[in-house]
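Undergrad: sequence-free structure coming up:
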């Protein structure tokens, strides 16, 4: 009898909101800011809150929802996305933006950044006809089962017409946003708005030109790195994942750890959650994946709380987001220093007798014959990405026909990775992205890794020997550095400005290449 | 490296929705239905989906969310409620309703029911100025900490001005909806729209007049019912709760069981979840609470899936909802038959040696000196409710002054329950409802129990000896009967029509009184 059903809450009032101090752009601003600024920000916040609500629905769907809930959840998410879109493309938003752009120096620098970011997002939404947005959404819905079936039956031809149609729709989409631009550049900017495509292309080419010979050398090396073998029960892996998060400084008061079939992180600076999954034969992979998601979540936790709902409290795009996950995953979690710190816990939990050196080796194995991107190691991963980037860029430009994709894919696999898929299921059909009508997403994975190395080098310049700090479990200085130089800025700066501010130089692959060549050169005893 | 962060999902397309067959009111309809009907229903569905989205946010907040998430969650829920309200009170909705009400027989009976229900809800939202809605919401927000503090310090006077203000605001609210009606009747109709207040009042008076002497007789009885004593670990109670749900036929494909500080159930016909909590000294209370929430959830699971988002796929109000929870909790879960079925599982899990008879006694103990509603037993519970009903009704009518509440409360406690609180914390300050500005909610708890008895009697008329079926663990016939006669109708009928259809007679306390007097008469060996 001690129960109060939630009908009480339906019938009664909303739970009282705890007040949030919201301060965007006012501090120290001498500007006589037009009312339009407050109107714009208020509308934008509502849109953001709805987006975050949708993200809770997504988390629940992936982590908690019983299977039967799918049809209703689709309706709920569709309704939230729909109103979110309608609020954003409201004519008022366009008018406010016009007024504020004309206002110029009446706005502070922070306020101008807010206007810049809302304008960017607004254009990408308002310029595309709602009919086309819905058509793409439906086409992607229809594409998903077609892709799944094609992958299961290893039949690329069955997917080809669908892929063709998705490409056509995305070209049309890009033309609405900017009829004069390269359509692939327009799509890429959906994910990374401020590193132009030429920069991205140059960096990826450098990676390809340096990593292919590095991989060749590794293949020729006689060194056999230690492997971790055995069975590692899920519950122990979960214990260890939790300890790893605690060791690294994850704030469980503003987050949680769960399992999901496809690990992800999501949420806000008030509640940034991590998910992971466990492979009983590969405890280091799961741990690396947990630390990766920790990096994403810790970025989110580091965003300004007083700027919640404003662009100043939102992440700077996928390159920067991925730089945070890769920095923790690779530059911390795959170091000898980390394993010197953590291997005793690993051995305790799993009842093993692994040495730090062996763990370090196992965490950095290069898999020479891997065909699958999501199973790739730190090094070959980028060659998987570059291949996809080149193919999707050429597809969008019309320089490559859909029917040629499998052949080109296999050719490039051979050329870059020295291995050739025997089926399209293990080749051009392996990733979900294209069936989602997502083109231009892949490069941000590699760009994020590149930026991770650049940021880590800059942090080391400022903080001294980071390896020593990692070994001692002192992560606070690194957290503070990242918060100070990256997280707290939200979208205050563009990506290139942020990189320059944080590292003192423009975006560059130098640090990543130096790091990769040195680390794998040592591990595989390569000549320099 | 095996991870795909959710930025992929943010940047990409929505997950593809599985198609839902939606069929409201079309089947066999010969009506030449006006377009306005489809427009209205489409808008209403969007509103419903947003409401269900909010309910997921609420579930997550109560069950999963880390503490730090509170401020952001308040913003998210506020944004969803806000757009939901705006969509509903749109002028178009009023115009469509006008047109459809004029259309008369062009609509089928189901379609007319849909229009009736949307009209009812629309009036209650559209007639109240948004300013007032927000004022009430804010006043309730402000009231909550005041009430908490007053309760902690046992200081009713500190809460009195707040309560006065909430009553004033609710009177104003009621006047907007119907200036000619008794304001309490208007508020009551927010929770139970179709049993008029006179009916409710008559039933509650009958309960009072019969239960007070019954309780007196129990107090005078020499019978001591068996009690369950000991410590019952939470994990075992959880195991048992899960087994109880399985035994009773809960569909875990469309639901889940978790723990929450205040048990509740929530969700849709696709995903209706149950929460519970555990008291290590009182395993029967926790089990009863689980079964109570199961009753709510199984009603939700029984709603028409093809009517999701329409009034035909929504619950019929709080009386009917509570009838489902009480039917399973009391008429099934507190019977000797249930314990004959379930006590072996109980003993297995807890390593005890309880007999069915003793479990039955323990589950039906009447607590003669209990002051707290949420800790009350099946019988005294109603006297707690009646007292609150009488007080809030008189407050709204202006027949009772706020300052008199504690004295009247204690007086009635003495008169109805034979026990007098020594503090207001254990008296008039104990419940959260008034601080939420919820007046008129309490009666539905008792009305639901009354209806549970009436429905159970009707089911027994149709299905034969239900006790025997319970003893055999055969719950399917009862489920089917409830689905057929209650759940699948959604809001097709008004409450009074539904009761008449399902039981062949109007809403009546006869069955409940006969049940209570017989059961407790036997247990306490009372003279008849």
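TA: Looks like it came in fine. What you see is a predicted model; the values in this text were computed from it and never measured. Numbers count the residues shown, from 1 in each chain, chains lettered A, B, ... in the order given.
Undergrad: From now on I want contacts and neighbour counts done on CA atoms only, so please keep to that.
TA: OK.
Undergrad: show me what contacts residue A:355?
TA: For residue A:355, the contacting residues are residue A:343, by C-alpha atoms under 8 Å, 6 or more residues apart in numbering or on different chains.
Undergrad: which SS class is the closest residue to residue A:421 other than its chain neighbours?
TA: The shortest distance from residue A:421 to any non-neighbouring residue, by C-alpha to C-alpha, 6 or more residues apart in numbering or on different chains, is to residue A:427 (5.6 Å). Of the three states, residue A:427 takes coil under DSSP: H, G, I helix; E, B strand; the rest coil.
Undergrad: Can you get me a residue count around residue A:490?
TA: 24 (other C-alpha atoms under 10 Å in any protein chain shown).
Undergrad: ditto for residue A:123
TA: Residue A:123 has 15 neighbouring residues, counting by other C-alpha under 10 Å.
Undergrad: how about the host helix or strand of it: buried residues?
TA: Using DSSP states H and E, residue A:123 falls within helix A:109-126. Within helix A:109-126, the residues scored as buried using 16 or more other C-alpha atoms under 10 Å in any protein chain shown are A:109-119, A:122, A:124-126.
Undergrad: The residue nearest to residue A:421 is in contact with residue A:370, isn't it?
TA: No - with contacts counted by C-alpha atoms under 8 Å, residue A:427 stays clear of residue A:370, the gap being 10.9 Å.
Undergrad: When those two are compared, which one has more neighbours?
TA: Neighbours per residue, other C-alpha under 10 Å: of residue A:427 and residue A:370, the larger number sits with residue A:427, 23 against 20.
Undergrad: Give the full set of residues in contact with the more buried one.
TA: Residue A:427 neighbours (C-alpha under 8 Å, 6+ apart): A:371, A:372, A:406, A:409, A:410, A:421.
Undergrad: Likewise for residue A:41?
TA: Listed by C-alpha under 8 Å, 6+ apart, the contact partners of residue A:41 are residue A:310.
Undergrad: what about the biggest helix by length in chain A, distance to the chain center?
TA: Longest helix in chain A by number of residues, with DSSP state H as the criterion: helix A:35-63. Here helix A:35-63 is found 19 Å from its chain centre; the criterion is C-alpha atoms, centre = their mean, to the nearest Å.
Undergrad: Okay, angle between whichever helix or strand comes after it and helix A:35-63 too, please.
TA: Per DSSP H and E, the first helix or strand lying C-terminal to helix A:35-63 is helix A:70-88. For helix A:70-88 against helix A:35-63, the angle by axes from the mean of the first three to the mean of the last three C-alpha atoms, to 10 degrees is 170 degrees.
Undergrad: by contact count, what packs against the helix or strand that helix A:70-88 is followed by?
TA: As assigned by DSSP H and E, the chain's next helix or strand after helix A:70-88 is helix A:91-103. Here helix A:91-103 touches helix A:35-63, helix A:109-126, going by 3 or more C-alpha pairs under 8 Å, 6 or more residues apart in numbering or on different chains; DSSP states H and E.
Undergrad: what about the residue nearest in space to the middle of chain A, distance to chain B?
TA: For chain A, the residue nearest the mean C-alpha position is residue A:322 (4.5 Å; C-alpha atoms, centre = their mean). Using C-alpha to the nearest C-alpha, to the nearest Å, residue A:322 is found at 9 Å from chain B.
Undergrad: so residue A:272 sits in a strand?
TA: Yes - when three-state DSSP is applied, residue A:272 is found to be in a strand.
Undergrad: OK, contacts around the nearest residue to it once chain neighbours are set aside?
TA: Once flanking residues are discounted, residue A:272 sits nearest to residue A:255: 4.8 Å by C-alpha to C-alpha, 6+ apart. Contact partners of residue A:255, counting by C-alpha under 8 Å, 6+ apart, are A:270, A:271, A:272, A:273, A:274, B:65, B:66, B:68.
Undergrad: Can you lay out these as TSV showing pLDDT?
TA: Supplementary listing: the contacts of residue A:255 in TSV, determined by pLDDT from 0 to 100:
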residue	pLDDT
A:270	98
A:271	98
A:272	98
A:273	98
A:274	98
B:65	97
B:66	96
B:68	95
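Undergrad: Pick out whichever of the residues you listed sits closest to residue B:445.
TA: residue B:65 (28.8 Å; C-alpha to C-alpha).
Undergrad: wait, what's in contact with that closest one?
TA: Residues counted as contacts of residue B:65 (C-alpha under 8 Å, 6+ apart) are A:255, A:271.
Undergrad: now the helix holding residue A:123, how far from the centre of its chain.
TA: With C-alpha atoms, centre = their mean as the basis, helix A:109-126 stands 21 Å off its chain's centre.
Undergrad: and what of stretch A:489-497?
TA: Relative to its chain's centre, stretch A:489-497 lies at 16 Å (C-alpha atoms, centre = their mean).
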